[in-house]
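Novice: sequence and predicted structure, then a few things I'm wondering about:
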Amino acid sequence: MNYSKIAGTGSYLPNRVVTNSELQTRIDTSDEWIVSRTGIEARHIAAEGEKTTDLAEHAARAAMAAANVNADDIDLIIVATTTPDKVFPSTACLLQARLGVKQGAAFDVQAVCTGFVYALSIADKFVASGQHRCALVVGAEIFSRLLDWNDRRTCVLFGDGAGAVVLKASKEPGILSSHLYADGSMGHILQVDGGVSAGKLADNPYLQMDGAAVFRLATRVLHECATEALRHNGFTVEDLDWLVPHQANMRIINSTTDKLNLPRERVITTVAQHGNTSAASVPLALDTAVRDQRIKPGQLVLIEGVGGGMTWGSVLLRF
Ligand code: ACO
């Protein structure tokens, strides 16, 4: 049997850090409110002129270096993003040109905060089938530009960043299964209403959210798809070395972890340092734990995400 396996990880956060203390000088909020409701302490914000492709390129180059591959090896690029530089070409095509990759396919995936989980699952199908040999899978976002910075209910939650993995064909087990879901009828609880299909940028360009409804859906579906991934592969929670969940909010992460009866020490969390970076959040957390050597070769790792759409899903893998 052929598998796809992660051969290297990388990530990037913009230099500018905006702390809760700085936010409380601008809007009616407090460090205490933000930390107690979300666990977020700071977020990184892209510089003026910095684009999603710039963030993606930093993360991609770091993952390629870790995997010891170069532009000639990559034959598939998938970028998960909600904040592409342009309507088209896709961010993946812009990234392909930047990296000097001349072969294979490149396309974007739009599943908001579940984007990286969707993209990794798609890349796995291409690589495990033998159609492609070496995929670059990136989650990159500049969510700060979708926010109304006067809306304290949303602007404190998000940040900018990018994460990437190189996925190679392998005889050894890597990705074991993926489980993807969507419920378009719930799209209204988290959305950016603006769009270009009216022939101009129409409607509200800022993110709107029913926070309580998102919280309820997220805690339900993250538990369901974690349980499903383990059961599908004949594992129990005891077999799991690490959970790498979408980094939206510590209360959502803790609720999911506790429902699974998973000790919190086996969960990778980075949300305090960068807030919710949407599609970048899972690969950012994964790269952090690979580089600090908590996640080691051979370990069983479950990643999962939930986001706008609404979309959600999980990928279980041997690292
Ligand atoms: N600072 C201070 N006060 C605030 C802030 C803020 N930044 N934001 C809201 N408040 C106020 C509200 O106005 C409200 O005041 P009121 O009672 O006078 O009207 C009060 O705090 C309580 O508001 P609630 O919305 O009830 O606060 P809650 O405890 O539910 O927490 C939160 C809100 C953190 C958004 C919560 O609902 C949540 O975590 N939801 C999930 C949202 C999420 O993570 N979204 C990310 C995108 S989706 C994803 O990635 C899965």
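Specialist: Structure's in. What do you need?
Novice: make it CA atoms for all contacts and neighbour counts henceforth
Specialist: Fine.
Novice: so what's residue 215 up against?
Specialist: residue 252 (CA atoms under 8 Å, 6 or more residues apart in numbering).
Novice: one more time with 10 Å, if that's ok
Specialist: Counting by CA atoms under 10 Å, 6 or more residues apart in numbering, residue 215 touches 248, 249, 251, 252.
Novice: might one say that residue 59 is in contact with residue 13?
Specialist: Yes - in this structure, residue 59 is within contact of residue 13 by CA atoms under 10 Å, at 8.7 Å.
Novice: what touches both of the two?
Specialist: 140, 161, 162, 163, 280, 284.
Novice: highest neighbour count among these?
Specialist: residue 140 (39 neighbours; other CA atoms under 10 Å).
Novice: for it, give me phi and psi.
Specialist: phi -140, psi 130 (degrees, to the nearest 10).
Novice: quick check, residue 36 in a helix?
Specialist: Yes - under DSSP: H, G, I helix; E, B strand; the rest coil, residue 36 falls within a helix.
Novice: tell me the contacts of it?
Specialist: 30, 250, 251.
Novice: out of those, flag the one nearest to the ligand.
Specialist: residue 30 (5.8 Å; CA to the nearest ligand atom).
Novice: C-alpha coordinates for the top helix by length along the chain, PDB please?
Specialist: When the chain is parsed with DSSP state H, its longest helix is helix 211-232. The C-alpha trace of helix 211-232 is given here as PDB (Å, rounded to 0.1, in the frame of the first residue of the first chain):
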ATOM      1  CA  GLY A 211     -19.900  33.800  18.600                       C
ATOM      2  CA  ALA A 212     -22.200  31.600  20.800                       C
ATOM      3  CA  ALA A 213     -23.500  29.600  17.800                       C
ATOM      4  CA  VAL A 214     -20.000  29.100  16.500                       C
ATOM      5  CA  PHE A 215     -18.900  27.900  19.900                       C
ATOM      6  CA  ARG A 216     -21.700  25.400  20.200                       C
ATOM      7  CA  LEU A 217     -21.100  24.000  16.700                       C
ATOM      8  CA  ALA A 218     -17.300  23.900  17.100                       C
ATOM      9  CA  THR A 219     -17.300  22.000  20.300                       C
ATOM     10  CA  ARG A 220     -19.800  19.400  19.000                       C
ATOM     11  CA  VAL A 221     -18.200  18.700  15.600                       C
ATOM     12  CA  LEU A 222     -14.600  18.700  16.800                       C
ATOM     13  CA  HIS A 223     -15.500  15.900  19.300                       C
ATOM     14  CA  GLU A 224     -17.400  14.000  16.700                       C
ATOM     15  CA  CYS A 225     -14.700  14.000  14.000                       C
ATOM     16  CA  ALA A 226     -11.900  13.200  16.500                       C
ATOM     17  CA  THR A 227     -13.800  10.200  17.800                       C
ATOM     18  CA  GLU A 228     -14.600   9.100  14.200                       C
ATOM     19  CA  ALA A 229     -11.000   9.300  13.100                       C
ATOM     20  CA  LEU A 230      -9.800   7.200  16.000                       C
ATOM     21  CA  ARG A 231     -12.600   4.600  15.700                       C
ATOM     22  CA  HIS A 232     -12.100   4.400  11.900                       C
END
